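**Q** All I have is the shape, not the residue letters:
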C-alpha cells in the first residue's frame, strides 16, 4: 500500500534505482548525486520498498550535511519511514535522530529551523516529540516571523495529539500571550487559529476584547474570525445577534475575499431582511469591481441562490445586476439574463426592457465575434418580458423587427417567433406589425424566417389594403415569371455552366428589369449568375429574396408561398366586392404556383421538387380553382385556432411549472405579520430583532426540521452478504451529484474477535475510490460503521464490487467474504428538463452518439407505453399533450433530460400499433457522450416490457 507524503517527488519509473547504487551515491561527496539518491530513496519507500539498510548510511553521511535541499529531503525521508516495530513500539534507532532535530531547532539558519518545525507538525510519535518541546517553545520568541509562525503551528499540532494536552498543558495560555504581543500578520493569524481550534472560549474572549479593531486586522486574520463566527453560531444559535454586528462591520473591509466571505456568512446565519440586503449589495459591488470572469460567475451563482430564497429583496437589485451585461463574456451575460428574468415585476419591467433595447442596439455597431449569439439571448429575454407583461410589447416589437434580416439566422428566427406570438396576444399591435413586416419583408435572407413571416402575412392580413399589399409584396420578392426559360435553339439554359460573375449582381439595382432565369442570349450578367451561385444572390437586392431561395432548390418555402397566396386570395374574396379584381389576383397566384411546379420538374436545378411540396402546391391550385365553404373555413380559421391552442398550452405549462416551484418553497398561503414590537428588546439592535423574528417564523413553518422521506431511505439499503456468512454487511447508498457515499454496516456474527478486517472495494465505469481501505478489529457480535467515498466523473451506469477480508486468532490464513455488486443507477444523475423544439432539433443534429432500441412490450396502448417510458427514464415529454391526443395507431414524442454534469439526453419514441394489437417501433437515444446513450438504452430495454 502506498504511504502518504506531504510533498510530491518526481520519480522516473522507467529506470528503477537499486539500493546499492543509492548507498554509494549517499556515501560520496557530490551534493547533486546525494540529492538525486535521496529522491530515489523516498520514491522507492513511497512505492512500498522498505530499504532498511539505508537508515544507518543516511545517519552517517546525510545527517551532517549543511546543504538545505539535502536537509529538506532528509526530513521527508524521516517522515515516511516506519518509526515503530510490529508491536507498535518506537524503534530504538529513532532516538538517534532526536539530537539532530534539537540541533536543527537551534540552528542559526532560519530556513533549517522553519522546515524542522514544519516537519514536527507531521509527527505523531510522542516519544520523539517530548524531548524537543523546550526547543519548540523557545522558537515562539524568535526574532524572525517565519520561525514564530511555524512554531505556533507546531505547538498546535502537538496539542492536538492524543496525549497533547498533557505534553503542553498551558499551550492555549502561552499562545494567547503570543497573540497579544505579536505584530506579524501571518503569525497572529496562526495564533488565533490555534486558539480557535484548541481553546474556542479564549478565541471568542480575544475577539470581543478587540472588537473595535477587527476592521484594521490583516486579511488572513479576518478570514479566521469569520470561520470562528460560523462555528460558534452553528453550535449556539441564540448568540447570533452580536456576531452578525461583527460581520456587518467587516463588509467594509478592503479585501474582496473578506467581503465575499462576509456576505456568504451573513446569508448562512441570518434571514433578517437588513442582513440579506447588505449581503446582496455586497455581491452587487463585487460583480462590478472584479475584473476576473471566474469571480463574476461565482458571484452570479450566489445571487442566483439569493434569488430563489429571498426574491423580494433581490427585486430591488435588478438594475445593479443588469450592469454585469457590460462584460464581453457570453457565459456571464447568459447567467445575468437568467437571474434578471426571474426578478421582473410590473414596477421594474420598463426599466429592464429599456436597458435590454440599448444592449440590442449596441450589438449592431460592435465587431465582437459573439455579437450574434448575444443578440439572440437579448431577443429571447425581451420576448419573455413581453409575454409576461404585454404592455411593453409595443415599445420593443418594431425595434426587433429591424433584425428580421439579421445574418445570424438563430436571432432572426427568435425575432420572427416573437412577432408571431405578439401579433396574436396583442390585437392592438396587429395593424402596425403587419405594415412594418410587409415593408421589411424583402430584407429577410433566411428560408425559415421567410416561411414564418409568410405564415404571419397569410393569417393576419385582414383588411383589403393589407391583403393587396401582401400579394404585391410576395409578387415583388418572387420577381418576374417564368423562373427559367427555353432558348431559341430549344435547349434548357443552365446558368451553372457559365462562370460566376459575382460583381455584376450587386451592381444592378432595377429589380423588375432583371430575369434570374439563366438564359445566355437575352439576360445580362446579373441574371446569368442568379442561381448558379445561390450564396451570392441570397442577400442581394437585385433579385427578390424569395426568388433567390427558390432558385437554390428550397421547395418547402415554395409550398409556404403557395399556401400564403391561397389564404390571401380566399380572404380577398371576403373583403373585395369586385369579382374582376379577385379573379385577377387568383389567376396571378395560380400562375406563380404553376411556375414553381415547372421549375421543380425542370432539369435546371440539380434536385427536383420533393413529393410533399409538390402535393401541397397541387392542393392549393385545386383549391383556388374550386373553393367550398368548409375548405374556406379550414384555411382561414383552423390554422389560427391551432396556433392559439399551442400558445395557451405553452402558457398552461409555464403556469404549472411556477406552481410546482411554489409548492417546493416553504412560503405560507398568507403573509405572516412580524409582531416584533411586542417582543422584549433587552438592548437588542434592529438587526438582531429582525433576525430573531425570522428564526421564530422558520421554526413555526417547520423550516428548521426538514425530515427526509424515510421510506425512500429504506429503498437505498442494499444487502451485501448473506445471513449465514460469518460477517454480515449492508450498505446505505447516498448519491450526491459528484459523490457517492457508501455507509456500510459490518456485523461480526461469530464468537471470536476478527482482526485486520478490511472492506476492499473496486469499481467499474467512471467511478473512482477516494480513500484507501483501513483495517479494523471487530469484537465478537459487535458492529462497525465504515464509510467509503466514491467520485463520479460522468453520467453512466457504474458497478461497485468487492470483498470483506479478515483474520481470526486461531487461523493464520485470511478469510474472504465476497460482496454483492452495487449498481449505481443512471437515474440518480439525470433529471427532467425543458428545451425548445428548435433547440432539441439542433442538438439532435449535432450529437454523434445514438442508441436505437426496438420496442418490445406487453403494453398495448401507445399513450400508456409512453407514460411508462417517461416514468422509467426520469425524463420530460416535450411534445404537447394535444399532439398526443386521439387514436390513430401512431405516436411520436420527444423526451429530454439533463444530467448533473450538464450533459443533455435526447430521446425520440416512435410507435405504431400493429393489426394484432401489439406495439412496434423504435426508441432512439442521442447524446454527446457514449455513457448516457448506452446506459439509457440499457435502462429502457430493462424497463420497457412493463415490469416494475
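**A** Happy to help now that I have it. The model shown is predicted, which means the values in this text are computed figures rather than measured ones.

**Q** so where is the stretch 651-800 of the chain shaky, pLDDT-wise?
**A** Low-confidence segments of the stretch 651-800 of the chain, defined by pLDDT under 70: 661-715, 737, 794-795.

**Q** Repeat the analysis, applying 90 as the threshold.
**A** Within the stretch 651-800 of the chain, the stretches with pLDDT under 90 are 651-718, 723-724, 732-742, 750-758, 760-781, 787-800.

**Q** Helices of that one, residue ranges please.
**A** For the stretch 651-800 of the chain, the helices defined by DSSP state H, counting those that start in this stretch cover 686-700, 710-715.

**Q** Confirm for me that residue 459 is in contact with residue 567.
**A** Yes. Taking contacts as Cβ atoms under 8 Å, residue 459 lies within contact range of residue 567: 7.1 Å. The C-beta positions use only the backbone N, C-alpha and C, and glycine is treated the same way.

**Q** Between the two, which has more neighbouring residues?
**A** Neighbour count, other Cβ atoms under 10 Å: between residue 459 and residue 567, residue 567 has more, with 24 against 20.

**Q** and the gap between the more buried one and residue 560?
**A** Remark: distance between residue 567 and residue 560 (Cβ to Cβ, to the nearest Å) = 11 Å.

**Q** shared neighbours of residue 459 and residue 567, anything?
**A** Common neighbours of residue 459 and residue 567 (criterion: Cβ atoms under 8 Å, 6 or more residues apart in numbering): residue 639.

**Q** what's the burial count for the closest residue to residue 428 other than its chain neighbours?
**A** Distances taken as Cβ to Cβ, 6 or more residues apart in numbering place residue 394 nearest to residue 428, at 7.6 Å, with adjacent residues excluded. Counted with other Cβ under 10 Å, the neighbours of residue 394 add up to 15.

**Q** same thing with residue 844?
**A** The tally of other residues near residue 844 (other Cβ under 10 Å) stands at 15.

**Q** for it, phi and psi?
**A** Backbone torsions for residue 844, taken as degrees, to the nearest 10, come to phi -60, psi -40.

**Q** That one contacts residue 926, doesn't it?
**A** Yes. Assessed by Cβ under 8 Å, residue 844 is found in contact with residue 926 at 5.8 Å.

**Q** Between the two, which contacts overlap?
**A** With contacts taken as Cβ under 8 Å, 6+ apart, residue 844 and residue 926 have 906, 908 as neighbours in common.

**Q** who does the strand or helix carrying residue 154 touch, helix- and strand-wise?
**A** Here residue 154 is covered by helix 145-159, with elements defined by DSSP states H and E. Helices and strands touching helix 145-159, by 3 or more Cβ pairs under 8 Å, 6 or more residues apart in numbering; DSSP states H and E, are helix 110-121, helix 133-138, helix 164-167, helix 171-181, helix 185-198.

**Q** can you do 6 Å?
**A** Helices and strands touching helix 145-159, by 3 or more Cβ pairs under 6 Å, 6 or more residues apart in numbering; DSSP states H and E, are helix 110-121, helix 185-198.

**Q** Out of these, which one sits most buried?
**A** Counting by mean count of other Cβ atoms under 10 Å, helix 185-198 has the highest mean neighbour count of these, with a mean of 22.

**Q** Could you point out the helix or strand that follows that helix?
**A** Next element after helix 185-198 (DSSP H and E): helix 200-209.

**Q** Okay, buried residues for the helix or strand where residue 807 lies please.
**A** Assigned by DSSP H and E, residue 807 belongs to strand 798-808. With burial defined by 16 or more other Cβ atoms under 10 Å, the residues of strand 798-808 counted as buried are 798, 800-808.

**Q** who's the residue nearest to residue 854 when sequence neighbours are not counted bridged to?
**A** Of all residues not flanking residue 854 in the chain, residue 922 sits nearest, at 5.9 Å (Cβ to Cβ, 6+ apart). Beta-bridge partners for residue 922, by DSSP bridges, are residue 854, residue 910.

**Q** Done for today, thanks.
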